[in-house]
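Colleague: Return a 3D structure for these sequence lines:
(one chain, ligands or ions: 1)
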Amino acid sequence: MSAEKEFTQLTQQFLFLHMIKTIAVVGAGTMGSGISLAAALKNFPVILCDINGAVLESARKSIDKNLQFLVDKQKIAAQDKFRIEQSIIFTDKISDCRADMVLEAIVENLSVKVELFRQLAAINKEDCILASNTSSLSVSAIQKDIPLPGRVVGMHFFNPAHIMKLVEIVKGDSTTNENAQQLMELCRQIGKVPVLCKDAPGFIVNRVARHFYLEAMHIALSTGTAIEDIDAAMEAAGFKMGPFKLMDLIGMDINLAVSTSLYEAFNEEPRFKPSPLQIDKVNNGNLGRKTGKGFYDYNIK
Ligand code: NAI
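Modeller: Prediction:
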């Protein structure tokens with residue numbers, strides 16, 4: 001290839017790779033606030049939207065707390081904290097969510113996500129990438145009825161999103177290579193490690209990790225082993241968090257939605273059957289850290 005042609009290709013690649021400059025995140029709960037912080041830390045202007053004003057307020061507080069932690073640990077300078085906070089716009093209006101890439105981190109429910117993407121598709125430019133942070137829904141199913149479905153991509157962050165490096169990038173049946181590659185590049189720009197995944201139930205991590213949670217609950221229920229002992233054993237065995245602490249961090253509702261979704265996707269295979277223990281927690285509103293009570297109690301002042 002001639003040097004000129006090579007240079008043109010490289011320039012095009014460079015231009016192509018830097019197209020995403022503005023990001024909007026819809027859903028300011030556990031994941032949306034962490035993802036917004038991850039992007040803002042790398043100097044992306046972010047619009048963070050939630051229909052619930054109280055959630056927006058706690059997202060603001062949680063971002064402030066996490067930034068203060070980084071200042072205390074001398075990971076960022078004190079003056080950067082103010083600048084980073086100023087780069088996030090909080091809003092309760094979906095109509096404000098116009099950007100180069102809009103990521104949804106709302107409830108794990110197919111029809112609610114599809115309805116949101118319809119609204120986002122209508123107010124954004126045709127080349128805006130619509131990303132979903134879904135843990136367990138099919139990206140092909142989400143994009144099916146969205147105009148220009150090639151722009152819909154799975155972008156699955158892990159909790160806490162401003163710390164965890166992995167992001168699973170999921171191509172649905174219609175997702176274009178270019179859009180998936182753009183999100184891979186965006187991940188690298190915000191210091192993450194993207195892994196391209198098939199649109200299969202649970203993608204990679206949630207499918208493998210399902211047994212970490214389900215088997216732990218099965219041990220607790222069938223043998224009466226204390227959850228503290230199970231967590232302690234798994235942590236001493238090398239896991240950063242025991243399964244019960246991790247379920248509280250994830251949120252019992254989200255974790256149950258993922259279990260249920262995998263169970264259904266695998267034609268009710270018993271190995272994916274949700275545990276009565278997690279169903280009970282959700283029915284009683286004990287959703288984990290976010291509600292102050294799950295398997296453990298938390299102070300959420
Ligand atoms: P969450 O319950 O903490 O937050 C969801 C937020 O979405 C709520 O604040 C709610 O008010 C808002 N919301 C709901 N419908 C909305 C709409 N139409 N427009 C704007 N805001 C809306 O949920 P979380 O845990 O942040 O999960 C969000 C998504 O991320 C889910 O799809 C979940 O499966 C996925 N996920 C969750 C992880 C976790 O550890 N919690 C890890 C990775 C992915």
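
Colleague: Would you pull up the residue in the stretch 201-301 of the chain closest to the ligand?
Modeller: For the stretch 201-301 of the chain, the residue closest to the ligand is residue 250, as judged by CB to the nearest ligand atom, at 3.6 Å. For glycine as for every other residue, the C-beta is placed from the backbone atoms N, C-alpha and C.

Colleague: what's the nearest residue to that residue if we skip its chain neighbours?
Modeller: residue 159 (5.8 Å; CB to CB, 6 or more residues apart in numbering).

Colleague: Count residues in the vicinity of the one you found, would you?
Modeller: Residue 159 has 16 neighbouring residues, counting by other CB atoms under 10 Å.

Colleague: Can you tell me the element residue 103 falls in?
Modeller: Using DSSP states H and E, residue 103 sits within strand 101-104.

Colleague: What are the buried residues along whichever strand or helix holds residue 67?
Modeller: Assigned by DSSP H and E, residue 67 belongs to helix 53-72. Neighbour-count burial for helix 53-72, counted by 16 or more other CB atoms under 10 Å, picks out 55, 56, 58, 59, 60, 62, 63, 66, 67, 70.

Colleague: same deal with stretch 210-217?
Modeller: Using 16+ other CB under 10 Å as the test for burial, stretch 210-217 gives 210, 213, 214, 216, 217.

Colleague: Wondering if that stretch reaches the ligand at all.
Modeller: No: using CB under 6 Å from any ligand atom, stretch 210-217 stays clear of the ligand, coming no nearer than 11.6 Å.

Colleague: got the contact list for that stretch?
Modeller: With contact meaning CB atoms under 8 Å, 6 or more residues apart in numbering, stretch 210-217 is reached by 202, 227, 230, 234, 239, 242-244, 246-247, 255, 258-259, 262, 271-275, 277-278.

Colleague: For this protein, which residues are neighbours of the ligand?
Modeller: Near the ligand, when you scan the chain using CB under 6 Å from any ligand atom, you find 26-32, 49-52, 55, 105-108, 112, 116, 133-135, 156-159, 250-251, 254, 290.

Colleague: Now, the buried residues of stretch 210-217 that are in strands?
Modeller: Assignment to strands by DSSP state E places none of the buried residues of stretch 210-217 there.

Colleague: got TSV for these, with pLDDT too?
Modeller: TSV is the format used below for the buried residues of stretch 210-217 (pLDDT from 0 to 100):
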residue	pLDDT
210	96
213	98
214	97
216	98
217	98
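
Colleague: Rebuild those residues as a markdown table, extending it with distance to residue 197.
Modeller: Compiled in a markdown table, those are given as follows (distance: CB to CB, whole Å):
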| residue | distance to residue 197 |
| --- | --- |
| 210 | 15 |
| 213 | 20 |
| 214 | 21 |
| 216 | 24 |
| 217 | 26 |
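
Colleague: quick one: which of those residues is nearest residue 82?
Modeller: Distances from residue 82 to the buried residues of stretch 210-217, taken as CB to CB, are shortest for residue 213 (39.4 Å).
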